[in-house]
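Asks: Got a predicted structure here, sequence first:
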2 protein chains.
Amino acid sequence: MAVSARECARRLQTLSSQERSKILLDIADALEAKEEEILAENEADVAAAQQAGYENSLISRLAMKPGKLADGIILEKTSSPLGVLLIIFESRPDALVQIASLAVRSGNGLLLKGGKEAKRSNAILHKVITSSIPPTVGERLIGLVTSREEIPELLKLDDVIDLVIPRGSNKLVSQIKAATKIPVLGHADGICHVFIDKSADLDMAKRIVLDAKTDYPAACNAMETLLVHEDLVQTGGLNDLILELQEKGVSLFGGPKASSVLSIPEANSFHHEYGALACTVEIVEDVNTAIEHIHRHGSAHTDSIITEDKEVAELFLRQVDSAAVLHNASTRFSDGFRFGLGAEVGISTSRIHARGPVGVEGLLTTRWLARGSGQVVDGDKEIVYTHRDLNLEA
Amino acid sequence: MAVSARECARRLQTLSSQERSKILLDIADALEAKEEEILAENEADVAAAQQAGYENSLISRLAMKPGKLADGIILEKTSSPLGVLLIIFESRPDALVQIASLAVRSGNGLLLKGGKEAKRSNAILHKVITSSIPPTVGERLIGLVTSREEIPELLKLDDVIDLVIPRGSNKLVSQIKAATKIPVLGHADGICHVFIDKSADLDMAKRIVLDAKTDYPAACNAMETLLVHEDLVQTGGLNDLILELQEKGVSLFGGPKASSVLSIPEANSFHHEYGALACTVEIVEDVNTAIEHIHRHGSAHTDSIITEDKEVAELFLRQVDSAAVLHNASTRFSDGFRFGLGAEVGISTSRIHARGPVGVEGLLTTRWLARGSGQVVDGDKEIVYTHRDLNLEA
């Protein structure tokens, strides 16, 4: 049932906004047309609940009733800090500076746990940063956790810590996700694809593929799987590219088709992140097969299409259900700095809260403020709530 | 360390935006002033890592290096559906219609599990609604789960279901949160406070308190704790209010002060949701004590202040760290319909993803689309990334 719902939902996504509204109107019509039947069934439920001796409060919720007006409350949706963040990062001491700056700017408390290989760098950075926090706030705003043994204890504090951000290997992220009830912002896998369409500019394709794989092979936004349109096998475009990758020291593993056509070893799995100078290659029929491959084997992180055909590009951009989808650009661009988010908190493949490269907004939540003059709800009696956007009038 | 960080963070929140920026500038100055010392510590880390035989990729991340320009990529931040939602609701068949409409509009797949006391109502509503979904999408977009036994199985499907929304009792929400790795949108507790300041209009206070408690006692946004400024004990304002609550059949339990002043039984705990015609009363020194009480004993759902003193009201609105904070209005307003969000998904006390009353935006996530012309990152060599908001130019 869940799988069917996802398949239907992917089809629903491809409909236009008007088409979706049409379905809603059809539903409203159907509900109106069947009103008597629906109310009869509901009355039967209410009668059965009364007979079964349910509490009145439950029965009153069970009964269906008509419509809802209020006046003069000014409602404001504001941003506020999440609370206390726990950042666990490996290597990269500059991550400490980025995250501490984001925390101060956004008003969050912070616990930092860096890798032991950067302990001196982290200690001095922490000291320099906290010494600049005024006593009215308190330098304990940012705590540095120094021993690995403290992490399991920290991961239990779901009443005090609001978000865990692990920055490091897949393994680190998976371990943390498994060990805590605190929400985790991050990505376990970065299985990023580049699909070269038959209409691609092959020089551009070569430049992008080399960059996506070799610019920083250990990065989560590096290409792990290269998908190539089958027409490029005949034209020789694929061979050139393969040679160039091999010259740069990239080890190649093939899917069933590519391994026989290119005489390269077969990949064990399409769902594999090398994180090194290696990648999987496969030959696909067309853009639709490429999209299916990405949905089935990818990790919904970052995927790119190289094509000169605008329609094919738009199809790919609309349908690929990943955090970042690119056309004629290297997957390596999927990054908070390059996306202009200022300092980067991390890249999230979660669908909840923040997705893709995350900047300061990932460290914020919502607070609703309402200023009234004595309003009460009083059963919403004959009330129709109307709302005006005061921002638009300002 | 976590508790200290939260305390410091609450103080940081009360600073102005300029004051926070000032701290950031101080941090930047301190980092520049200590650059040599920092780089020396970092070099020591790098040397130690080399000696310890760490991989080069780790060492290159460990070393700190200077700054980063790219050109012509058009980046678009779009909304997209979360995927598949599982809604578990008790009673209230109209919740089915609301949620199904929200799902269709937002493009999400849906699994619905209603209470057995509404099984006929839910079945007919499900049938009517899915019969309006065109075959191009498929009526299995919305599945109706009919047996309670299927829930534990569904809660294991964290690879297929993206969000669980329980609508019902605290108990239901807590059980689901404990039993799944899928993110849960909702609130376990709704321990909402009304604080009556010494400057309150007492007629207004009476109207609001009665509404907040008696309009719908089982609702999560009903008042559970009444906090009263101590000056109102002498003036007799408190006594009037207590009599009126008792006349309406509200059972009263007191904190240490209120129970002796008002001769009412002592409450077992301030952290208690009655969900019925009962509430806790306590006398507090001033707005600051009230805020402390709310932070310590509340559930960060919805809290209201009744006061004619604008400064006191703004202090309360700024400092109370709850999903919804109101001034001179009943806590019962904290609701998606009344807030104008259209159909309501639920009210969230989570700080992650969506907080407070949640409408359709709680069912959406982000997708980043980038349209380039062959750009590669190439080590960000001498590149400074600049960004322009094309929306502002349109």
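Replies: Structure received. Numbering: from 1, shown residues only, chains lettered A, B, ... in the order given.

Asks: Does chain B have contacts with the host helix or strand of A:E32?
Replies: Here A:E32, judged by DSSP states H and E, is contained in helix A:17-33. Yes - judged by C-beta under 8 Å from any C-beta of the partner chain, helix A:17-33 and chain B are in contact via A:20-21, A:23-24, A:26-27, A:29-31. (C-beta placed from N, C-alpha, C; glycine too.)

Asks: Which other helices and strands does the helix or strand just after that helix contact?
Replies: In the C-terminal direction, the helix or strand that comes right after helix A:17-33 (DSSP H and E) is helix A:35-51. Judged by 3 or more C-beta pairs under 8 Å, 6 or more residues apart in numbering or on different chains; DSSP states H and E, the packing partners of helix A:35-51 are helix A:56-62, helix B:119-130.

Asks: Compare those and say which comes out lowest on pLDDT.
Replies: Here the lowest mean pLDDT among these goes to helix A:56-62, at a mean of 67.

Asks: Which residues are in contact with the residue positioned nearest the centre of chain A?
Replies: Residue closest to the average C-alpha location in chain A (C-alpha atoms, centre = their mean): A:R355, at 2.5 Å. Residues in contact with A:R355 (C-beta atoms under 8 Å, 6 or more residues apart in numbering or on different chains) are A:323, A:348-349, B:365-367.

Asks: what's the answer for A:L82, then?
Replies: So A:L82 contacts A:106, A:108, A:162-163, A:363-365, B:351-352 (C-beta under 8 Å, 6+ apart).

Asks: Got phi/psi on it?
Replies: Backbone torsions of A:L82, given as degrees, to the nearest 10, read phi -70, psi -40.

Asks: do A:L227 as well
Replies: The phi/psi pair for A:L227 (degrees, to the nearest 10) is phi -110, psi 130.

Asks: Surely it touches A:H193?
Replies: Yes - the criterion here is C-beta atoms under 8 Å, and A:L227 meets it with A:H193 at 5.8 Å.

Asks: and the two? which has more neighbours close in?
Replies: Set side by side, A:L227 and A:H193 show more neighbours around A:H193, with 29 against 26, by other C-beta atoms under 10 Å in any protein chain shown.

Asks: about what we covered before: most neighbours per residue, which of the helices and strands packed on helix A:35-51?
Replies: helix B:119-130 (a mean of 22; mean count of other C-beta atoms under 10 Å in any protein chain shown).

Asks: For that one, enumerate the helices and strands it packs against.
Replies: So helix B:119-130, by 3+ C-beta pairs under 8 Å, 6+ apart, packs with helix A:17-33, helix A:35-51, helix B:94-106, strand B:142-145.

Asks: hang on, the earlier thing: out of the residues of helix A:17-33 next to chain B, which end up buried?
Replies: A:20, A:23-24, A:26-27, A:30-31 (16 or more other C-beta atoms under 10 Å in any protein chain shown).

Asks: Closest one of these to B:E117?
Replies: Nearest to B:E117 among those is A:L31, at 20.9 Å by C-beta to C-beta.

Asks: residues in contact with the closest one?
Replies: With C-beta under 8 Å, 6+ apart, A:L31 has these contacts: A:38, B:97, B:125, B:128-129.

Asks: okay if I get those residues as CSV plus distance to B:S373?
Replies: Shown next, in CSV, are those (distance: C-beta to C-beta, whole Å):
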residue, distance to B:S373
A:I38, 55
B:V97, 47
B:L125, 50
B:V128, 50
B:I129, 45
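
Asks: Strands of chain A, start to end?
Replies: Per DSSP state E, chain A carries strands over the ranges A:74-81, A:84-89, A:109-113, A:142-145, A:163-167, A:192-196, A:223-229, A:251-254, A:278-284, A:302-306, A:324-329, A:346-348, A:356-358, A:364-375.

Asks: can you tell me the average pLDDT over the last one?
Replies: The one in question is strand A:364-375. For strand A:364-375, the mean confidence score works out to 88.

Asks: do it and chain B meet?
Replies: Yes - against chain B, strand A:364-375 shows contacts by C-beta under 8 Å from any C-beta at A:365-375.

Asks: The third one now?
Replies: Yes - using C-beta under 8 Å from any C-beta as the criterion, contacts between strand A:109-113 and chain B involve A:109-111.

Asks: Neighbours of the closest residue to A:H229 other than its chain neighbours, how many?
Replies: Closest residue to A:H229 apart from its sequence neighbours, by C-beta to C-beta, 6 or more residues apart in numbering or on different chains: A:K198 at 4.1 Å. A count of nearby residues for A:K198, using other C-beta under 10 Å, gives 18.

Asks: just to revisit the earlier point, ranking the strands of chain A by burial, who's on top?
Replies: It is strand A:302-306: most buried of the strands of chain A by mean count of other C-beta under 10 Å, with a mean of 31.

Asks: Return the residues in contact with the one residue in the stretch 51-200 of chain A that gets nearest to chain B.
Replies: Using C-beta to the nearest C-beta, A:G109 is the residue of the stretch 51-200 of chain A that sits closest to chain B, at 3.1 Å. Residues counted as contacts of A:G109 (C-beta under 8 Å, 6+ apart) are A:83-85, A:103, A:141-142, B:2, B:4-9, B:12.

Asks: Now for A:I347: which residues touch it?
Replies: A:186-187, A:190, A:220-221, A:301, A:323, A:334-336, A:356-358.

Asks: got a pLDDT number for it?
Replies: On the pLDDT scale, A:I347 gets 87.

Asks: what does the one 3 residues further on give?
Replies: Model confidence at A:S350, given as pLDDT, is 84.

Asks: so what's it up against?
Replies: A:S350 touches A:184-187, B:183, counting by C-beta under 8 Å, 6+ apart.

Asks: Now the phi/psi pair for A:L185, please.
Replies: Dihedral angles (degrees, to the nearest 10) for A:L185: phi -100, psi 120.

Asks: Can you give me the neighbour number for it?
Replies: A:L185: 27 neighbours (other C-beta under 10 Å).

Asks: before we move on, the earlier item: which stretch among the helices and strands packed on helix B:119-130 comes nearest B:Q234?
Replies: helix B:94-106 (46.8 Å).

Asks: now the angle from that closest one to helix A:35-51?
Replies: 140 degrees (axes from the mean of the first three to the mean of the last three C-alpha atoms, to 10 degrees).
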